[in-house]
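J.: could you work out the structure for the sequence below:
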Amino acid sequence: MRLRVLITLTIFSLAAVGGVLARPRSAPLVDTARRADSAVLATCTTARVVQAGTGGMVYTVYEFSRLEILAGEPSGATFALRVAGGTAGRYRVVLHDAPRFQPGQSYLLLLRRTKRDGSLLVAGAMNGIAPVRAAGESGKWEIALSRRQVASTDAKAASPDQTAAASGSPSWRRLDDIRPLLQHAIGEVAQ
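T.: Numbers count the residues shown, from 1 in each chain. Next up is the predicted model:
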């Protein structure tokens, strides 16, 4: 019995070290949007770490200022997301698929409300966020999509002059091209 447990633990350890268990899964943006209640454009304003009790779980609370509702249910003008992970004193928690945000950076966020208390979560973890920037002279928003997120948007929304992203680097897409796909997956902006 002990030998069986030892072998099982060794297999799980090797799998985790090899990245088999720790590898986050990527999904196309539209697939992730189907699990969301809303799509918003927002800027991260602050990040603070909190710890649940002495020696408890470490969380990072990100505050956001909403810029625009793209699809689905409206959120407040400001809102917070509590994400597992962070460093509090001598405790550090790292979850590889947990979203991380930089204060001052704007993002496309695919959000859903929890049934338990109505708090907001990012739908699809890392698959539910995409950095955004104002494009050159036009000032229109562009979204940085990972190669996997681009998979479902290329055929439906990409302009002929846009090329696929190289492995590991984001591909910038115009928000105006992505908006109809989000509204189809989530629904029009609720009034």
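J.: strands of the protein, start to end?
T.: For the chain, the strands defined by DSSP state E cover 38-51, 58-72, 78-84, 86-88, 91-93, 106-113, 120-122, 129-134, 141-145, 171-174.
J.: can you name every helix or strand that the second one contacts?
T.: With contacts defined as 3 or more CB pairs under 8 Å, 6 or more residues apart in numbering; DSSP states H and E, strand 58-72 has these neighbours: strand 38-51, strand 78-84, strand 86-88, strand 91-93, strand 106-113, helix 175-186. C-beta here means a position set from N, CA and C on the backbone, and glycine is covered the same way.
J.: buried deepest among those, which one?
T.: Highest mean neighbour count among the helices and strands packed on strand 58-72 (mean count of other CB atoms under 10 Å): strand 106-113, with a mean of 23.
J.: what angle sits between that one and helix 175-186?
T.: 10 degrees (axes from the mean of the first three to the mean of the last three CA atoms, to 10 degrees).
J.: could we number from 159 for the rest of this?
T.: Understood, numbering begins at 159; the last thing we discussed is strand 264-271.
J.: which helices and strands does strand 264-271 pack with?
T.: Strand 264-271 packs on helix 187-191, strand 196-209, strand 216-230, strand 278-280, strand 287-292, helix 333-344, going by 3+ CB pairs under 8 Å, 6+ apart.
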